[in-house]
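Asks: Can you look at this prediction? I've put the sequence above it.
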Amino acid sequence: MSALLAAMSAVVATYYFWPAGAAFLSWYAAWVHAGGLFRIALTAGFAGGILSELSLIYIRDRGRWNLAHLENMAFRFVIFFFGGIIVAKFYEWQAYWFGDGLSWKVILPKVLVDQFIFSVIWSTTYQTLAFRWQALRYSGARLWSELDGNFVIERMLPVLITNWMFWIPGVTLVYSMPLILQMPINIFATAIWSLLLAGLAKNAQAPDAEMGPALVLTEQNSVANPVE
């Protein structure tokens, strides 16, 4: 987690202190936005779905593919595809509400709304329900039967706390960039986090239909938020 935050900090520093790096990041942001929401969603799905699973395959599983990998890749691509759209529009609304400046009067309310309203109401719920639904082999009935107070305390709350640990400093870095770079930097964070996931899961047992809570928690937060 600290390594990812350091990588994000390095990207932000590159933009502000290295002209060549700033030019490349500006080109990257322009390319992402030139394709509209569809390209943003595609890059978010690739970072959070395909890249994360490829990392697990080649680092944890030593390049051995199976059908579960393909299923996970497809499922996570869809989850982060639609999550990327929601986050991109949310960033636009944040800029409309609080402005696109780089002062703390602009950044602080964005971070607070992002982490204590958006993440609580949307991101944690979306991630937890989606990944639990997959773990229950896409059974809506089984998922519905689990939705009680224990589900909130035992599954959603740990995800939310872990989300805060990474994304409070993470979105502070995101919002310290111009609006056009915020979603591309978010996608970059998702890509790096997916690589760290592979290292975290290297010695972990592969998840089955009833995945262990520690691995579920780790994999749900690979969103990062693009689904924050």
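Replies: All right, it came through fine.

Asks: going forward, measure contacts between C-alpha atoms and count neighbours the same way
Replies: OK.

Asks: Just give me the longest helix of the chain.
Replies: When the chain is scanned for its longest helix (criterion: DSSP state H), the result is helix 67-98.

Asks: Could you pull out the buried residues of that one?
Replies: For helix 67-98, burial by neighbour count (16 or more other Cα atoms under 10 Å) applies to 69, 72-88, 91-92, 94-95.

Asks: same question, stretch 178-189
Replies: Of all the residues in stretch 178-189, those buried under the rule 16+ other Cα under 10 Å are 179-189.

Asks: Equivalent analysis for stretch 13-27, please.
Replies: 14-15, 21-22, 25-26.

Asks: and which of these is nearest Leu102?
Replies: Distances from Leu102 to these, taken as Cα to Cα, are shortest for Tyr15 (13.6 Å).

Asks: confidence score at that closest one?
Replies: With respect to pLDDT, Tyr15 scores 93.

Asks: The one 3 residues further on too?
Replies: In this model, Trp18 is scored at 94, pLDDT.

Asks: Please apply the same query to Tyr28.
Replies: 90.

Asks: distance of it from Tyr15?
Replies: According to Cα to Cα, to the nearest Å, Tyr28 and Tyr15 sit 12 Å apart.

Asks: Quick check: Tyr138 vs Phe75, distance?
Replies: Here Tyr138 is placed at a distance of 11 Å from Phe75 (Cα to Cα).

Asks: any low-confidence regions in the protein?
Replies: 1, 192-228 (pLDDT under 70).

Asks: quick one: the helices in it?
Replies: Counting by DSSP H, the helices of the chain are 2-17, 19-34, 36-45, 52-55, 67-98, 104-113, 124-135, 140-146, 149-151, 157-175, 179-200, 213-220.

Asks: I'd like to know which elements the second one is packed against.
Replies: Translated: helix 19-34. helix 2-17, helix 36-45, helix 179-200 (3 or more Cα pairs under 8 Å, 6 or more residues apart in numbering; DSSP states H and E).

Asks: Please repeat the previous calculation with a cut-off of 6 Å.
Replies: Helix 19-34 sits against helix 2-17, with contacts defined as 3 or more Cα pairs under 6 Å, 6 or more residues apart in numbering; DSSP states H and E.

Asks: Now do the helix it packs on and helix 157-175, the angle between them.
Replies: Orientation check (axes from the mean of the first three to the mean of the last three Cα atoms, to 10 degrees): helix 2-17 against helix 157-175 gives 20 degrees.

Asks: contacting residues around helix 2-17?
Replies: Contact partners of helix 2-17, identified using Cα atoms under 6 Å, 6 or more residues apart in numbering, comprise 21-22.

Asks: Figure out how far it is from the centre of its chain.
Replies: Computed by Cα atoms, centre = their mean, to the nearest Å, the chain-centroid distance of helix 2-17 equals 17 Å.
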